[in-house]
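Participant: sharing a model that was predicted from the sequence below.
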Amino acid sequence: MNLEAYILGTGGTMPLPGRFLTSVLLRREGDLLLFDCGEGTQVALRRLGLRWKKISAIFISHTHADHVTGLPGILMLSSQVDRDTPLYIYGPPKIREYVEVNRKALDMYINYEIIVREIPKPSLPDVVYSTEGYQVRAFPVPHSRTCYGYSVVEDPRPGLFHPEKARELGIPVGPLWGKLQAGEQIQLEDGRSFSASDVMGPARKGRKFTFITDSLPDPGLVNEMRDADLLICEGMYQHAEADTAAEKRHMTGVQAAALARDAGGVRQMGMVHFSPRYTKRDIQVIEDEARAVFPAAFAGKDGMLVEIPYVD
């Protein structure tokens, strides 16, 4: 089953030509999940040929303008493409007010159900969205207002099937093998019964995607970063501007890389939410600094596709 992340925008504060505000779309087969919705998200989706009609849930980190200004356009456009399923929106307190005020002020025509669920901070970290095959967990991150990160965690997968064990036990090749691999118990004609554990290895972990932006480099974040197959994390500043990052409650690429390194098990980290003062060359410096600390770090680019494969 494919799992892939589309980096729709990598900018912070304001959009620039070629750099929309931060937003990431996660696709797991037919499921589309959107993380933050900065200005330019709608254009980025169209450029990549992605069907926003299929977005089942939007997860907002916080209600600073550069993370939500693309949301009204997505809501209005979804009516124009005849959306026929509910759209879930998750976020901190005030996200419901933001959606309702925009609907009223813009006199939006909405022909589908919008379900807004504000996440109360005292309950975190906690599962906020769950469906077949995976769940989404929210957790607090330290910023200048209530701000959340999110982790998408797949359910464990069945262990590997060992055909040699099945043959040793006298289980004939055919449908019975399929039943065992599906976790069913079988019975042979001679009366012997077998379960999946007789021919299958231990369960294998599912994949994990973690999204963190607008945060101080809090050591507590490593608990959610740990074992992420793909971590998308802000790397807003070069490390020479660490004092500026701290003052504005952000982090440098080096600080993000150090957290990923210390978390353990992070397979790759894509950085986003770059300061608008930076050119492409400046962002390359951020990447180089981060890779010196955590070699699997890279600077995200608008329109970038990152595949998240299984690790057996």
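Facilitator: Ah, there it is. As the structure is a prediction and not an experimental result, all values here were calculated from the model.

Participant: I'd like the average pLDDT over stretch 186-201.
Facilitator: The average of the pLDDT scores along stretch 186-201 is 93.

Participant: list the buried residues in that stretch.
Facilitator: Using 16 or more other C-beta atoms under 10 Å as the test for burial, stretch 186-201 gives 186, 194, 196, 199, 200. In this view, the C-beta of every residue, glycine as well, is placed from N, C-alpha and C.

Participant: go through those residues and flag which are in strands.
Facilitator: Those of those mapping onto strands are 186, 194, per DSSP state E.

Participant: among the buried residues of stretch 186-201, which two are most distant?
Facilitator: 186 and 200 (12.5 Å; C-beta to C-beta).

Participant: need the overlap of contacts for those two.
Facilitator: Counting by C-beta atoms under 8 Å, 6 or more residues apart in numbering, the shared contacts of residue 186 and residue 200 are residue 180.

Participant: distance-wise, check the residue lying farthest from the centre of the chain relative to residue 87.
Facilitator: Using C-alpha atoms, centre = their mean, the residue of the chain lying farthest from its centre is residue 190. It sits 49.7 Å away. Per C-beta to C-beta, to the nearest Å, residue 190 is found 55 Å from residue 87.

Participant: do residue 15 as well
Facilitator: Relative to residue 87, residue 15 is positioned 23 Å away (criterion: C-beta to C-beta).

Participant: same question for residue 56.
Facilitator: Taking C-beta to C-beta as the measure, residue 56 falls 7 Å from residue 87.

Participant: then residue 186?
Facilitator: Computed with C-beta to C-beta, the distance linking residue 186 and residue 87 is 43 Å.

Participant: same question for residue 235.
Facilitator: For residue 235, the distance to residue 87 - C-beta to C-beta - is 30 Å.

Participant: now residue 180
Facilitator: Computed as C-beta to C-beta, the residue 180 to residue 87 distance reads 40 Å.

Participant: and what of residue 192?
Facilitator: Separation of residue 192 from residue 87 (C-beta to C-beta) stands at 51 Å.

Participant: same check on residue 201?
Facilitator: Applying C-beta to C-beta, the value for residue 201 to residue 87 is 40 Å.

Participant: can I assume residue 255 sits in a helix?
Facilitator: Yes. Under DSSP: H, G, I helix; E, B strand; the rest coil, residue 255 sits within a helix.

Participant: and the gap between the closest residue to it other than its chain neighbours and residue 140?
Facilitator: If the residues on either side of it in the chain are set aside, residue 255 comes closest to residue 217, at 3.8 Å by C-beta to C-beta, 6 or more residues apart in numbering. Using C-beta to C-beta, residue 217 is found at 15 Å from residue 140.

Participant: and if you look at residue 194?
Facilitator: Counting by C-beta to C-beta - residue 194 and residue 140 are separated by 47 Å.

Participant: under the pLDDT cut-off, which ranges of this protein? List them.
Facilitator: For the chain, applying pLDDT under 70 flags the ranges 122-123.

Participant: domains of it: list them as residue ranges, please.
Facilitator: Per the record, the chain has its domains at 3-157+204-307, 163-198, by automatic domain parsing.

Participant: would you mind finding the most buried of the ones you listed?
Facilitator: Most buried of those by mean neighbour count (mean count of other C-beta atoms under 10 Å) is domain 3-157+204-307; its value is a mean of 19.

Participant: how long is that domain from one end to the other?
Facilitator: The first and final residues of domain 3-157+204-307 sit 6 Å from each other (C-alpha to C-alpha, to the nearest Å).

Participant: who's in contact with the helix or strand containing residue 101?
Facilitator: Residue 101 is part of helix 95-105 when elements are defined by DSSP states H and E. Residues from elsewhere that reach helix 95-105 (C-beta under 8 Å, 6+ apart): 60, 63, 68, 71, 72, 75, 89, 108, 110, 114, 116, 118.

Participant: now the residue nearest to the second one when sequence neighbours are not counted: phi and psi?
Facilitator: Same thing as residue 63. For residue 63, ignoring the flanking residues on the chain, the nearest one in space by C-beta to C-beta, 6+ apart is residue 94 at 5.0 Å. Reported as degrees, to the nearest 10, the phi and psi values for residue 94 are phi 90, psi -10.

Participant: contacts for the host helix or strand of residue 177, please.
Facilitator: If you go by DSSP H and E, residue 177 is part of helix 175-181. Applying C-beta under 8 Å, 6+ apart, the external contacts of helix 175-181 come out as 158, 161, 163, 166, 171, 186, 188, 194-196, 198-200.

Participant: of the residues you listed, which pair is most distant in space?
Facilitator: 158 and 188 (21.2 Å).

Participant: ok, the residue nearest to residue 63 to residue 238 distance?
Facilitator: Residue 94 is 32 Å from residue 238, by C-beta to C-beta.

Participant: likewise residue 36?
Facilitator: Residue 36 sits 23 Å away from residue 238, taking C-beta to C-beta as the criterion.
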